[in-house]
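S.K.: sequence and predicted structure, then a few things I'm wondering about:
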2 protein chains.
Amino acid sequence: MKISDGVEWSIHCCTVLALLPEGVALPAARLAEFHGVPAAYLAKHLQALARAGIVESTQGPKGGYRLARPAAEVSLFEIVVAVEGGEPAFRCTEIRQRGPAGMDPKHYKIPCGIARAMWRAEDAWRASLQEQTLADILGGLARDVDPRQAVKAATWMQEVLT
Amino acid sequence: MKISDGVEWSIHCCTVLALLPEGVALPAARLAEFHGVPAAYLAKHLQALARAGIVESTQGPKGGYRLARPAAEVSLFEIVVAVEGGEPAFRCTEIRQRGPAGMDPKHYKIPCGIARAMWRAEDAWRASLQEQTLADILGGLARDVDPRQAVKAATWMQEVLT
DNA sequence: GTCCCTATACTCGGATAGCAAGTGTCCGAGTATAGGCGG
DNA sequence: CCGCCTATACTCGGACACTTGCTATCCGAGTATAGGGAC
């Protein structure tokens, strides 16, 4: 079980986009440069975020990506689903129906108890992600980030936006 | 993000082993036959369960696998960890240290807030799995399984154990 | 000086290769059993 | 008849190919901009 790197990158990108002045967009290439990741691959995930309505894209010069909604209205869960897809991590293959003790599929009305148990755990995971928003991440940044790094980041952004 | 099929198979196998009479073992080949899955591949996962101390193995004729502890003392979490490994699903690659705004690693004492958020969700997942034991699964079986299937399964087991 | 037009260059978007982890399989090492032999 | 020994066959255990999905990349479509020209 492994969560795609794209999830980590996407959340970081959304955090940066949330810090952007109103009405300004940042190209994928700049986001990639800022995080030191391959631009072409990051673009793939930003597209997924755009399809999910989390970010908006503008083409042409001075174009790029920007957050589609206030940071407080974007949960981490939405980002994860946008990048990884909404399918549950545990997939019941109904092996209870196979083998010598199996019966006709119509007799299995209730999902397998094992699947229910695994899904219950996944629901707890989803609930936790759903109640954490980008705004919470930003609050944590303000608390934990070294002021010198904040200055470096702000300077870089100034330079890029000119 | 996908949980290995081996987890599903392993939990089903543990459930069957829990229904076994005291002091009797079931070979991997029989477990595979019962669930209609490839025997050689299932064996791989049973070995992982044995290494983790969840099941015990006996060699030679009349040998096989049996549960190492009472069903109430085996949580689903243990099984998942035994099969999938204990590494977190979300792996922080510290991209905050890279790029033009990155600083020397020694300045990053606290884990990235994004990683902390993701890990918090995983903790909720783990907690849910930890409080669900094989005994709970067995209880669900008694409630939900079609009596005719129970008979088929019991008959098969009788036949195999002779 | 102002407006319009056009060419430009910059952006996103989807289609295309490469690689790692999970999936599936095999054969060798070890051991409890069962039968045969001797006492 | 009982106990011991040996050969057997059945078990687990780790080492070896294959396939799916994530990783990484490229080039084409679309568009806001900026400059130049006409009025």
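M.R.: All right, it came through fine. Model, not experiment: these values are computed from the prediction.
S.K.: drop to CA atoms for contacts and neighbour counts, all remaining ones
M.R.: OK.
S.K.: can you show me the helices along chain A?
M.R.: For chain A, the helices defined by DSSP state H occupy A:5-18, A:28-35, A:39-51, A:76-84, A:113-130, A:134-144, A:147-161.
S.K.: nearest to DNA strand D, out of those?
M.R.: Each of these was scored for nearness to DNA strand D using CA to the nearest atom of the strand, and the closest is helix A:39-51 (3.0 Å).
S.K.: any residue of that closest one touching DNA strand C?
M.R.: Yes - shown here: helix A:39-51 in contact with DNA strand C (CA under 7 Å from any atom of the strand) through A:40, A:43-44, A:46-47, A:50.
S.K.: of these, which is the most crowded?
M.R.: A:Leu46 (25 neighbours; other CA atoms under 10 Å in any protein chain shown).
S.K.: that one against A:Ser10, yeah?
M.R.: Yes - at 7.0 Å, A:Leu46 counts as touching A:Ser10 under the criterion of CA atoms under 8 Å.
S.K.: and the residue nearest to A:Phe34 when sequence neighbours are not counted, how many neighbours does it have?
M.R.: In space, and not counting its chain neighbours, A:Phe34 is closest to B:Gly99: 4.8 Å by CA to CA, 6 or more residues apart in numbering or on different chains. By other CA under 10 Å, 16 other residues sit near B:Gly99.
S.K.: quick one: B:Gly99 from A:Pro38, how far?
M.R.: For B:Gly99, the distance to A:Pro38 (CA to CA, to the nearest Å) stands at 11 Å.
S.K.: excluding its backbone neighbours, what's nearest A:Trp9?
M.R.: Counting by CA to CA, 6+ apart, the residue nearest A:Trp9 is A:Leu42, at 7.4 Å.
S.K.: so how far is A:Glu159 from that neighbour?
M.R.: Distance, A:Leu42 to A:Glu159, by CA to CA: 22 Å.
S.K.: how about the contacts made by A:Arg30?
M.R.: The neighbours of A:Arg30, taking CA atoms under 8 Å, 6 or more residues apart in numbering or on different chains as the test, are A:Val160.
S.K.: check which residues of stretch A:71-83 are buried.
M.R.: Using 16 or more other CA atoms under 10 Å in any protein chain shown as the test for burial, stretch A:71-83 gives A:71, A:74-83.
S.K.: right, I mislabeled it, should have said stretch A:12-19
M.R.: Neighbour counts over stretch A:12-19 (16+ other CA under 10 Å) mark A:12-18 as buried.
S.K.: what parts of chain A come near DNA strand C?
M.R.: A:1-2, A:26-29, A:40, A:43-44, A:46-47, A:50, A:57-65.
S.K.: quick one: low-confidence ranges for chain A?
M.R.: Residue ranges of chain A with pLDDT under 70: none are present.
S.K.: and stretch A:133-140, anywhere near chain B?
M.R.: Yes - Stretch A:133-140 comes into contact with chain B (CA under 8 Å from any CA of the partner chain), by way of A:137, A:140.
S.K.: circling back to that earlier point, out of the helices of chain A, which is closest to B:Gly113?
M.R.: The closest of the helices of chain A to B:Gly113 is helix A:134-144. By CA to CA, the value is 6.2 Å.
S.K.: got the contact list for the closest one?
M.R.: Contacts to helix A:134-144, defined as CA under 8 Å, 6+ apart, come from residues A:14-15, A:18, A:71-76, B:110, B:113-114, B:117.
S.K.: tabulate these (a markdown table), appending distance to B:Val145.
M.R.: Shown next, in a markdown table, are the contacts of helix A:134-144 (distance: CA to CA, whole Å):
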| residue | distance to B:Val145 |
| --- | --- |
| A:Cys14 | 47 |
| A:Thr15 | 48 |
| A:Ala18 | 51 |
| A:Ala71 | 47 |
| A:Ala72 | 45 |
| A:Glu73 | 43 |
| A:Val74 | 42 |
| A:Ser75 | 39 |
| A:Leu76 | 38 |
| B:Ile110 | 49 |
| B:Gly113 | 45 |
| B:Ile114 | 43 |
| B:Ala117 | 39 |
